[in-house]
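> sharing a model that was predicted from the sequence below.
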Amino acid sequence: MTHKQIIEETLDGTVLFNVPFPKNIAHLKEMSPIILKHPYHVEYLHSYGQDSPWFAGLANKKLLGTECPKCGYKHTTPKLSCMRCGAETEWKELPPEGKVHSFTVCHYGAEEFLKETPFILAMIEFEGWNTLLLSRLVGLDPQQANLKWVGTKVKPKFRRNSKFKPTDVWFVPA
Amino acid sequence: MSQSAKDVYVVSAGVSKFAKARPDKTFQAIVKEAVDYTVKDVGLEYPKFLELVDGSVASYFSDHFTRQLMAGIMAQDYLSLCPKPSHRVEGGGATGGICFQEAYKNIASGDMDICLAYGFETMSHVETWKGNEFIALASDINFDYPVGGFYSGYYAMMVVRHMMEFGTTVEQMAHVSVKNHNNAFHNSYAQKRQRLTIKDVRNSPMVAWPLTRLDICVMSDGAAACLLTSEEGLNKLEKASGKKYPRVKVRAIGRGTDAMRMSDRPHQSFEDFYKYNAMANEQDGDSKKYYKELWAKHFKYPGIHSFRAGRMASKMAYENGGIKDPLKEINFVELHDAYTSSEIQTYEDMGLCKYGEGGSFAASGKTFVPGVEYGLKLESQPVCPVNPSGGLIACGHPVGATGLMQAAFALWQLQGAIGKHFGDATLQLNNPKIGAIHSHAGTGTYVTVSLMERI
């Protein structure tokens, strides 16, 4: 009886200093391609610019949006230029409670977030506000995903030690 | 579209076989494969082509995948096209569609008589998870990416809302996967040639609820190219090759946009929908009554369930091209099915059915290819096959090449040359006159629709 074994492929390798080479260079086109591993790491000095007060808000347990003083359009995810009329908007606190507008459970993802799977992403709506907010939804079982989650009343929770990332806030059922 | 625009013809095209990885060649050499095929199909020797071509447009999405800036000029010089004019275009998943339209504009404006559009992506240079990360960087890096950037997750949230608004089901979505994979079974260029069932799609691993691995396209290495000409350019090529080409014209183009952040998409009233977004075939009393009832149930447009950019691109192309009833007048569509759900959403944006009918339309049989075995009981005969080639889901999605691959497959359909190029004529539709190609970027930010017509 054979036992099926899967050997995992990884990007580990061996440092190689030489490769075989044909005596007759007419055979060069038959060679396999040389493939190298090449690391790439960058430190960016990223500015949140005009969005900065939103992150300062999270550090102080306040969830902010922006409102247009000219046309009244309310941006749940802040935008300092009104999406409807182009006027400069003003900062304003969001209501203390919202509702799940839509959601998904991510079982895979980008490399940076793979270790956190499965996690729930949700779009949150707030009464009287025109747009939505993307956030993590916590406190529901990711294995029990179903459409009834839409409409769930939720409230924000804030990280005590702020990391100045949008994940400083997440939502739980209210 | 300007009234003074010149007629633009699509003469030939080429596609490199899309594969998970092509370590045997660099991106320039993969582009050369597609261009060599294009030139050969025109019936010209390469030096003669170089003498006649006026310039080019290059298409690739991400500098991260190549870890090479200015890759466009490196393709241009590998193709021996220097010092002729060229530029690179980039617009996420719609990069290829934008490239096709920029080449069109080069001709329509009278700037060139013969223009080569070429595009590529080599996505295998990083692992899939890193690739997902690069793609997710095409979402707002202040507010969206750090929350758990993952495109499949974004589209999943969009379709969850579609399910809530309209009752769309996962089985209806799976019909799209079965259709496109079974079509690709007859397309030698496709990366995934599989005969699937609804059960296979639903039983494959969950990626982002409710989308499974078989609801989602894969990453690819590949290239595609397309040759566009004016009437004069066409005559020059025919004189040089001694051949007579089937006349395939670009009938009209359209393009639309929407906000990068899904959260910023507007939620418009019935009145605004009719003022800005409704199409010619939605102006009758029955349609207005249908939509009035939708809005009575607190429906808003586009929200996150519909792609306003896709609607505006279609509306513009139809208005420019004199299309009143797309389902009846367009004979087939190659559209951007990065997800089964986005194919369903796009049926509605393109006016093949009304908003809300996409799910039942997907499972009706109207978008299937006559003569292909699907193993499904379908209530309707095919009316307007969608993704007869197999689409992105089965052919692969090397981003910068994808929109040009669609142009190639649409051209071959209109030329009646599917059998010649695929080595299997099963997917050749019966005498199609008008085809639409639709290219779409991240959650519906840039969308292009181009109409091609055999005359």
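Structure's in. What do you need?
> close to chain A: what parts of the stretch 101-250 of chain B are there?
B:127, B:129-130, B:132-133, B:135-136, B:141-144, B:146-150, B:152-153, B:156-158, B:160-161, B:163-164, B:205-211 (CB under 8 Å from any CB of the partner chain). In short, each C-beta sits where N, CA and C put it, glycine included.
> which of those residues are buried?
B:130, B:132-133, B:135-136, B:142-144, B:146-150, B:152-153, B:156-158, B:160-161, B:163, B:206-211 (16 or more other CB atoms under 10 Å in any protein chain shown).
> where does the stretch 1-150 of chain B dip in pLDDT?
B:1-3 (pLDDT under 70).
> where do the helices sit along it?
B:27-42, B:46-52, B:63-66, B:71-78, B:95-108, B:128-136, B:145-148 (DSSP state H, counting those that start in this stretch).
> B:L427 is nearest to which of those?
helix B:27-42 (18.0 Å; CB to CB).
> okay, the closest one in PDB with CA atoms only?
Output of helix B:27-42 as PDB, limited to C-alpha atoms (Å, rounded to 0.1, in the frame of the first residue of the first chain):
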ATOM      1  CA  PHE B  27       8.000  40.000 -20.600                       C
ATOM      2  CA  GLN B  28       9.400  41.500 -23.800                       C
ATOM      3  CA  ALA B  29       9.800  38.100 -25.400                       C
ATOM      4  CA  ILE B  30       6.300  37.100 -24.400                       C
ATOM      5  CA  VAL B  31       4.900  40.300 -26.000                       C
ATOM      6  CA  LYS B  32       7.000  39.500 -29.100                       C
ATOM      7  CA  GLU B  33       5.100  36.100 -29.400                       C
ATOM      8  CA  ALA B  34       1.800  37.800 -29.500                       C
ATOM      9  CA  VAL B  35       3.000  40.500 -32.000                       C
ATOM     10  CA  ASP B  36       4.700  37.900 -34.200                       C
ATOM     11  CA  TYR B  37       1.400  36.100 -34.400                       C
ATOM     12  CA  THR B  38      -0.400  39.300 -35.200                       C
ATOM     13  CA  VAL B  39       2.000  40.300 -38.000                       C
ATOM     14  CA  LYS B  40       2.000  36.700 -39.500                       C
ATOM     15  CA  ASP B  41      -1.800  36.800 -39.600                       C
ATOM     16  CA  VAL B  42      -1.700  40.000 -41.600                       C
END
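> close to chain A, is it?
No - if you take CB under 8 Å from any CB as the test, helix B:27-42 misses chain A, and the best it gets is 10.8 Å.
> what does that helix contact?
By CB atoms under 8 Å, 6 or more residues apart in numbering or on different chains, the surrounding residues in contact with helix B:27-42 are B:11-16, B:22, B:25, B:46, B:49, B:60, B:66, B:71, B:74-75, B:77-79, B:116, B:118-120, B:122, B:221-227, B:237, B:241, B:243, B:245, B:401.
> so how far is it from its chain's centroid?
20 Å (CA atoms, centre = their mean, to the nearest Å).
> can you pull the buried residues of it?
For helix B:27-42, by 16+ other CB under 10 Å, it's B:27-28, B:30-39, B:41-42.
> max-length strand in chain A?
When chain A is parsed with DSSP state E, its longest strand is strand A:98-106.
> and it, what does it pack against?
Secondary-structure packing of strand A:98-106 (3 or more CB pairs under 8 Å, 6 or more residues apart in numbering or on different chains; DSSP states H and E): strand A:119-125, strand A:133-137, strand A:153-158, helix B:151-166, strand B:206-208.
> sorry, back to before: in TSV, list the helices of the stretch 1-150 of chain B along with distance to B:K297.
Listed next are the helices of the stretch 1-150 of chain B as TSV, based on distance: least, CB to CB, whole Å:
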stretch	distance to B:K297
helix B:27-42	48
helix B:46-52	57
helix B:63-66	43
helix B:71-78	48
helix B:95-108	34
helix B:128-136	33
helix B:145-148	30
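> fine, thanks again, bye for now.
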